[in-house]
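In: can you look at this prediction? I've put the sequence above it.
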Amino acid sequence: MYLDAAKKKEIFEKYGKSNTDTGSPEAQIALFSYRISHLTEHLKVNKKDYTTERSLTMLVGKRRRLLKYLQDRDINRYRAIVKALGLRK
(Lines give C-alpha, C1' and ligand atoms only; values in the text may rest on other atoms or scores of the structure.)
Protein backbone atom coordinates (compact mmCIF):
# COMPACT_ATOMS: atom_id res chain seq x y z
CA MET A 1 0.00 0.00 0.00
CA TYR A 2 1.30 3.44 -0.86
CA LEU A 3 0.30 5.06 2.44
CA ASP A 4 1.16 2.94 5.46
CA ALA A 5 1.31 3.92 9.13
CA ALA A 6 5.02 4.71 9.00
CA LYS A 7 4.57 7.15 6.10
CA LYS A 8 1.66 8.87 7.87
CA LYS A 9 3.72 9.16 11.04
CA GLU A 10 6.57 10.71 9.04
CA ILE A 11 4.23 13.27 7.45
CA PHE A 12 2.64 14.17 10.79
CA GLU A 13 6.06 14.46 12.43
CA LYS A 14 7.35 16.78 9.72
CA TYR A 15 4.33 19.08 9.31
CA GLY A 16 2.39 18.66 12.57
CA LYS A 17 3.36 19.62 16.07
CA SER A 18 4.34 16.03 16.91
CA ASN A 19 4.17 12.57 15.36
CA THR A 20 0.75 11.99 16.96
CA ASP A 21 -0.68 15.36 15.86
CA THR A 22 -3.20 14.25 13.27
CA GLY A 23 -5.75 17.04 13.70
CA SER A 24 -3.87 20.23 12.95
CA PRO A 25 -4.67 21.82 9.59
CA GLU A 26 -1.00 21.71 8.55
CA ALA A 27 -0.78 17.96 9.11
CA GLN A 28 -4.04 17.30 7.26
CA ILE A 29 -3.03 19.53 4.33
CA ALA A 30 0.30 17.73 4.06
CA LEU A 31 -1.41 14.33 4.11
CA PHE A 32 -3.93 15.42 1.47
CA SER A 33 -1.10 16.78 -0.69
CA TYR A 34 0.71 13.44 -0.53
CA ARG A 35 -2.47 11.59 -1.49
CA ILE A 36 -3.21 14.07 -4.29
CA SER A 37 0.24 13.59 -5.82
CA HIS A 38 -0.17 9.81 -5.66
CA LEU A 39 -3.61 9.91 -7.32
CA THR A 40 -2.33 12.30 -9.99
CA GLU A 41 0.40 9.83 -10.93
CA HIS A 42 -2.17 7.01 -11.00
CA LEU A 43 -4.43 9.01 -13.33
CA LYS A 44 -1.57 9.71 -15.74
CA VAL A 45 -1.39 5.97 -16.39
CA ASN A 46 -5.11 5.13 -16.04
CA LYS A 47 -6.87 7.90 -17.93
CA LYS A 48 -10.35 6.33 -17.80
CA ASP A 49 -10.45 5.71 -14.06
CA TYR A 50 -13.30 8.12 -13.38
CA THR A 51 -13.86 6.99 -9.80
CA THR A 52 -10.31 7.94 -8.87
CA GLU A 53 -10.72 11.19 -10.78
CA ARG A 54 -13.75 12.04 -8.65
CA SER A 55 -11.86 11.12 -5.47
CA LEU A 56 -9.01 13.37 -6.56
CA THR A 57 -11.41 16.26 -7.17
CA MET A 58 -12.95 15.81 -3.72
CA LEU A 59 -9.50 15.70 -2.06
CA VAL A 60 -8.44 18.89 -3.81
CA GLY A 61 -11.63 20.55 -2.54
CA LYS A 62 -10.97 19.38 1.02
CA ARG A 63 -7.43 20.71 0.87
CA ARG A 64 -8.63 24.01 -0.56
CA ARG A 65 -11.18 24.41 2.25
CA LEU A 66 -8.55 23.64 4.89
CA LEU A 67 -6.18 26.15 3.31
CA LYS A 68 -8.94 28.77 3.32
CA TYR A 69 -9.65 28.03 6.99
CA LEU A 70 -5.98 28.37 7.87
CA GLN A 71 -5.68 31.58 5.84
CA ASP A 72 -8.61 33.12 7.74
CA ARG A 73 -7.34 32.00 11.17
CA ASP A 74 -3.59 32.53 10.98
CA ILE A 75 -1.98 33.93 7.84
CA ASN A 76 1.58 33.16 9.00
CA ARG A 77 0.85 29.43 9.44
CA TYR A 78 -0.88 29.46 6.04
CA ARG A 79 2.14 31.02 4.35
CA ALA A 80 4.49 28.58 6.07
CA ILE A 81 2.61 25.45 4.95
CA VAL A 82 2.16 26.76 1.40
CA LYS A 83 5.88 27.45 1.17
CA ALA A 84 6.85 24.11 2.72
CA LEU A 85 4.66 22.12 0.33
CA GLY A 86 5.25 24.38 -2.69
CA LEU A 87 1.56 24.75 -3.44
CA ARG A 88 1.20 28.28 -4.75
CA LYS A 89 3.11 31.09 -6.43
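Out: Sure, I can see it. It should be emphasised that the depicted structure is a prediction, and the values quoted were computed from it without experimental measurement.
In: can you tell me the SS state at the residue sitting furthest away from the middle of the chain?
Out: Ranked by distance from the centre of the chain (Cα atoms, centre = their mean), the top residue is residue 48, with 23.5 Å. What DSSP: H, G, I helix; E, B strand; the rest coil gives for residue 48 is coil.
In: and residue 82, what does it touch?
Out: 67, 88 (Cβ atoms under 8 Å, 6 or more residues apart in numbering). Heads up, the C-betas are built off the backbone N, CA and C, glycines and all.
In: from the chain's centroid, how far away is the helix or strand hosting it?
Out: With secondary structure defined by DSSP states H and E, residue 82 is part of helix 75-85. Averaging C-alpha positions (Cα atoms, centre = their mean, to the nearest Å) puts helix 75-85 13 Å from its chain's average.
In: so which bits of it are buried?
Out: By neighbour count with 16 or more other Cβ atoms under 10 Å, helix 75-85 contains the buried residues 78, 81-82, 85.
In: what segments of the protein are helices?
Out: 5-15, 25-45, 50-73, 75-85 (DSSP state H).
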